[in-house]
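>>> Provided below are the primary sequence and the corresponding predicted coordinates.
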Amino acid sequence: MSIDLLHCASCHRQFRRETDSAECPYCGSALPADATVPLDQTVLLAEDDRDVKGSHLQPDEDDLLTRELHVYRLETLLGAGAMGRVYLASHKILHRKCAVKILSPRAARHDEDYVSRFHDEGRAAAALIHPNIVTTHAIGEDGGFHFLEMEFVAGETLQHLIEREGALTPLRATRIAALLADALAVAHRSGIVHGDLKAENVLLTAQGAPKIADFGLAKRVSPGDESLTGKLIGTPNYMAPEMFSGAPANTRTDVYALGVCYFKMLTGRLPFAGVSLSRLAHAVCNEALPSLRAGAPEASLEMLECLSRLISRAPGNRPRDGTEAAQLLRAVLGESRDLDSLLREGFDGSGDVRWRRDGSKYTLDLSLPDGRKQTIFIENTSQKSSEKLLLIYSICCAADPRHYEEALRMNADCAHGAISLRTIDGRDYFVMLNAYPRATVDPEEVRASVLEIGFRADEIERRLTGRDVH
């Protein structure tokens, strides 16, 4: 069956045509009149594109879906690209789940460098042990198939998270960027550059921790190593300006790619786009960076200055390597924890509390023992960072003047938080409320306050109205 597969020259993603839109669904760039590409065309990127995962398989390869390879039982195709495919697999001896990346034999036949690059990836990745790097367990060959066994991360990519949620909260974006910088620092201290860091190559665990994957373009570098000069290597939207002129990948180009990831987390989009590679290169090398304040209005001045340094057009103005980038991001982050990680740590494994983010506000649904429910809200106040408070509150009921006296009596019995009046959507309500200094609040304080506020607000609603609305 013929598949109408399109190719975006700006971000180099391949995707099925599902609408009549003339824009790329990933970067928003305009598509030319004929963006269809033959399925045997190898593009610059090795994307993890789950939308077209079946279209890359050839008759001599698709039987892998139902076969065993070496000590692995292949179960599910997780992703496919120009470099090969990644399967969820079971290790038959160790009885554990893992991810097995298999080099495409068809691609290897067309490019003699593929096998050596694939083994370089395995050796480079296996040398890096860090909680924010996907661990490589083994490398081998069986029946003509070259493979890597990797840690299976049961989560989503950073790209998918941004597509689903849009721009992340500034603290969450900064925390993720700092953890990615920590991982790059380990690689750079080992003399290894990633060369293709991008949102698609960052996996997120169920707890929200990022892990850098796909060291397919990683290489060991030494002083005077110019072996990459003149070759265009990397994903264009994440490439530093000097790489478009043939400069080799190095620690500062990794830092630039980290800056693009940070920009995308803060704004929900890429800093530059173009309808062709040449136009993208011109934009990256010559056009002014889009307004950071307009793109990320909630980010602090320190965050925006940090981003400007990471993504500076001049290599000398960027942090020298992952270590310096991590130090810069940690200084901006300070001791503050982003709300997403606070809630994950505070309520991990709790079946009584479910939470979701709506912009900068978090909504938590608390299930109470007697079948009643209560909704709790968490948000930051609008003061400058050093004075900002974290508000935790729950609506009790409408502020009927007939209940003022009873509410005051009940307030005297509150050991945690207080009953307050708050105007919500133009109407006054009794709410149970507590506040903490944003810079020092910890997960246990958030957990204890959410539970106490929720129970107390439900008790007040029951006593004043006899209902279970909020």
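On my side now, so go ahead. Keep in mind the model is a prediction, meaning the values are calculated, not measured.
>>> any weak-confidence spans in the chain?
Low-confidence segments of the chain, defined by pLDDT under 70, are located at 1-66, 81-83, 107-108, 110-112, 215-234, 335, 383-387, 415.
>>> Find the residue at the geometric middle of it.
Among the residues of the chain, L158 comes closest to the average C-alpha position under C-alpha atoms, centre = their mean, at 2.4 Å.
>>> ok, for it, nearest residue in space, not its chain neighbours?
When the adjacent residues along the chain are set aside, L158 lies closest to V202, with 3.9 Å between them (C-beta to C-beta, 6 or more residues apart in numbering). Heads up, the C-betas are built off the backbone N, CA and C, glycines and all.
>>> so what's that neighbour bridging to?
According to DSSP bridges, I212 are recorded as the beta-bridge partners of V202.
>>> which ones are touching it?
T157, L158, Q159, I176, L180, P210, K211, I212, A213, C261 (C-beta atoms under 8 Å, 6 or more residues apart in numbering).
>>> Can you tell me which of those residues lies closest to L333?
Relative to L333, the closest of these is I176; by C-beta to C-beta it sits at 10.4 Å.
>>> Against which helices or strands is the helix or strand where that closest one lies packed?
Per DSSP states H and E, I176 falls inside helix 170-189. In this structure, helix 170-189 packs against strand 210-212, helix 251-267, helix 301-310, helix 322-333, helix 339-347, with contacts taken as 3 or more C-beta pairs under 8 Å, 6 or more residues apart in numbering; DSSP states H and E.
>>> go with 7 Å
Using 3 or more C-beta pairs under 7 Å, 6 or more residues apart in numbering; DSSP states H and E, the elements in contact with helix 170-189 are strand 210-212, helix 251-267, helix 322-333.
>>> ok, residues contacting it?
128, 130, 132-133, 193-194, 202, 209-210, 212, 251, 254, 258, 261-262, 265-266, 296, 298-300, 303, 321-323, 325-326, 329-330, 332-333, 336, 338, 340-341 (C-beta atoms under 7 Å, 6 or more residues apart in numbering).
>>> before we move on, what about stretch 380-400?
300, 360, 374-379, 421-422, 424, 427-438, 441, 449-450, 453-454, 457, 460-461, 464-465, 470.
>>> cool, stretch 279-299 as well?
The contact list for stretch 279-299 (C-beta under 7 Å, 6+ apart) reads 10, 167, 170, 236-237, 241, 244, 266-267, 271-274, 304, 307-308, 311, 360.
>>> Quick one, which of those are buried?
With neighbours counted using 16 or more other C-beta atoms under 10 Å, the contacts of stretch 279-299 contain these buried positions: 10, 167, 170, 236-237, 241, 244, 266-267, 271-274, 304, 307, 311.
>>> before we move on, back to that, buried among the contacts of helix 170-189? Make that a ChimeraX selection.
The following ChimeraX line selects those of those that are buried, judged by 16+ other C-beta under 10 Å:
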select :128,130,132,133,193,194,202,209,210,212,251,254,258,261,262,265,266,296,299,300,303,321,322,323,325,326,329,332,333,336,338,340,341
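>>> Shouldn't D468 be within a helix?
No. Secondary structure assignment (DSSP: H, G, I helix; E, B strand; the rest coil) places D468 in coil, not in a helix.
>>> just the helices in the stretch 51-200 of the chain please.
With DSSP state H, counting those that start in this stretch as the criterion, the stretch 51-200 of the chain has helices at 105-110, 113-126, 158-165, 170-189.
>>> and of those helices, who's closest to D142?
D142 lies closest to helix 105-110 among the helices of the stretch 51-200 of the chain, at 11.9 Å (C-beta to C-beta).
>>> can you redo the helices and strands packed on helix 170-189 as TSV with distance to S367?
What follows is the helices and strands packed on helix 170-189, written out as TSV (distance: least, C-beta to C-beta, whole Å):
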stretch	distance to S367
strand 210-212	30
helix 251-267	32
helix 322-333	33
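>>> ok so, going back, the residue nearest to the centre of the chain reaches N201, doesn't it?
No. The criterion here is C-beta atoms under 7 Å, and L158 misses it with N201 at 8.3 Å.
>>> burial measure for S382, as a count.
Other residues lying near S382 total 10 when counted by other C-beta atoms under 10 Å.
>>> D370 versus that one, what's the distance?
Distance from S382 to D370, counting by C-beta to C-beta, to the nearest Å: 37 Å.
>>> Quick check: buried residues in the helix holding I176?
Within helix 170-189, the residues that qualify as buried are 170-188, counting by 16+ other C-beta under 10 Å.
>>> when you compare where that helix runs with where helix 322-333 runs, what's the angle?
Per axes from the mean of the first three to the mean of the last three C-alpha atoms, to 10 degrees, the angle that helix 170-189 makes with helix 322-333 is 160 degrees.
>>> Can I get the contacts of V202 in CSV including distance to L94?
Listed next are those as CSV, based on distance: C-beta to C-beta, whole Å:
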residue, distance to L94
T157, 26
L158, 29
Q159, 30
I176, 31
L180, 29
P210, 26
K211, 20
I212, 24
A213, 21
C261, 33
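>>> for P437, which residues make a bridge with it?
Listed by DSSP bridges, the beta-bridge partners for P437 are L389.
>>> Now do it against R279, distance only.
Taking C-beta to C-beta as the measure, P437 falls 48 Å from R279.
>>> Show me which of those two is the more surrounded one.
Neighbours per residue, other C-beta under 10 Å: of P437 and R279, the larger number sits with R279, 15 against 12.
>>> Am I right that that one sits in a helix?
Yes. Counting by three-state DSSP, R279 is found in a helix.
>>> For the remainder of this discussion, apply numbering that starts at 466.
Sounds good: first residue 466 from here, last item R744.
>>> Could you look up the SS state of Q839?
Q839 falls in the strand class when you classify it by three-state DSSP.
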